[in-house]
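Trainee: Just need the structure, nothing else, for what follows:
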Amino acid sequence: MMGTAAVYPALRMGQGRARTSEAWLEALRAQGAPRDQAIEDLHALLLRAARFEVRRRRAALSHVRGEELEDIALQAADDALMAVLAKLEEFRGASRFTTWAYKFALLEAGVKLRRRAWQGREVVLDPEAWPEFADQGASAHERLEGDELIGALRSAIEGVLTPHQRAVFVALALGQVPIDVLAERLGTTRGALYKTLHDARRKLRGELAAGGYVVGVALQERR
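Mentor: Numbering: from 1, shown residues only. Take a look at the predicted model:
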């Protein structure tokens, strides 16, 4: 996997260029003015990363005003700063400290932007509200096979999944709801949802395989 600095060249060192990873850690663990200055510099770097991610995704948020996007970037930088400071002991030096820290800002900005994009949108948890999956350009035979598979999947979802597994699977695997958005709506965690989705897919794969059906993309584990 390419490093953050390679994927996001605009985020390469600006302010604090001369500070090594060791110097960052020493300053952030210090007391008084040296620590305060390091925190100020780190926040500036994280804000730059968050603004970059906001700009990168802005096309999908054309309805959101610039002031709100700037506020999202600032919130992301604030939360990323708190996360970095809380996890200093987890830094192992596999990359530059700033590269490691940037990832927190990119993650926080991505989560906040996805939540904003879904603000006011309904999260569909009901299998009866599925979109039409049939390929209109397929042959009559292919469409018939597709209809049979969808029918079998509906039956499996109703028959082998718990209500919670059913709701999570429909929202994440079929509705393409971002997992952090669903976690917020349901008042749970990403980890808990991943576990629920994994268990639901395992049950459905077994049920469909027993019926002689080929497992579809929605049932494959994401890497």
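Trainee: residue contacts, the closest residue to residue 28 other than its chain neighbours?
Mentor: Leaving aside its sequence neighbours, residue 28 sits nearest to residue 38 (Cβ to Cβ, 6 or more residues apart in numbering; 5.0 Å). C-betas here are computed from N, CA, C, even on glycine. Residues near residue 38 by Cβ atoms under 8 Å, 6 or more residues apart in numbering: 19, 24, 27-28, 30.
Trainee: Kindly report the same for residue 113.
Mentor: Per Cβ under 8 Å, 6+ apart, neighbours of residue 113: 53-54, 57, 60-61, 72.
Trainee: how does it look with 7 Å?
Mentor: Taking Cβ atoms under 7 Å, 6 or more residues apart in numbering as the criterion, residue 113 is in contact with 54, 57, 61, 72.
Trainee: do the same with residue 84
Mentor: So residue 84 contacts 42, 101, 104 (Cβ under 7 Å, 6+ apart).
Trainee: let's see 10 Å
Mentor: By Cβ atoms under 10 Å, 6 or more residues apart in numbering, the contact list for residue 84 reads 24, 28, 39, 42-43, 45-46, 90-91, 97, 100-105.
Trainee: same thing with residue 114?
Mentor: 57, 60-61, 177-181, 184.
Trainee: now residue 183
Mentor: Taking Cβ under 10 Å, 6+ apart, we find residue 183 in contact with 111, 115, 177, 189-194.
Trainee: Compare those residues and tell me which has the most neighbours.
Mentor: residue 177 (22 neighbours; other Cβ atoms under 10 Å).
Trainee: number of nearby residues for residue 25?
Mentor: Neighbour count for residue 25, taken as other Cβ under 10 Å: 17.
Trainee: Pull the residues that contact the host helix or strand of it.
Mentor: Secondary structure from DSSP states H and E places residue 25 in helix 21-28. Here helix 21-28 makes contact (Cβ under 10 Å, 6+ apart) with 16, 19-20, 34-39, 41-42, 45, 84-85, 88-89, 91, 93, 95-101.
Trainee: Quick check, pLDDT for residue 24.
Mentor: Looking at residue 24, its pLDDT is 95.
Trainee: For residue 74, see how far away it is.
Mentor: Distance, residue 24 to residue 74, by Cβ to Cβ, to the nearest Å: 22 Å.
Trainee: and the chain, what are its domains?
Mentor: 4-117, 127-219 (automatic domain parsing).
Trainee: Between those, which has the poorest mean confidence score?
Mentor: When I compare the domains of the chain, domain 127-219 is least confident, with a mean of 75.
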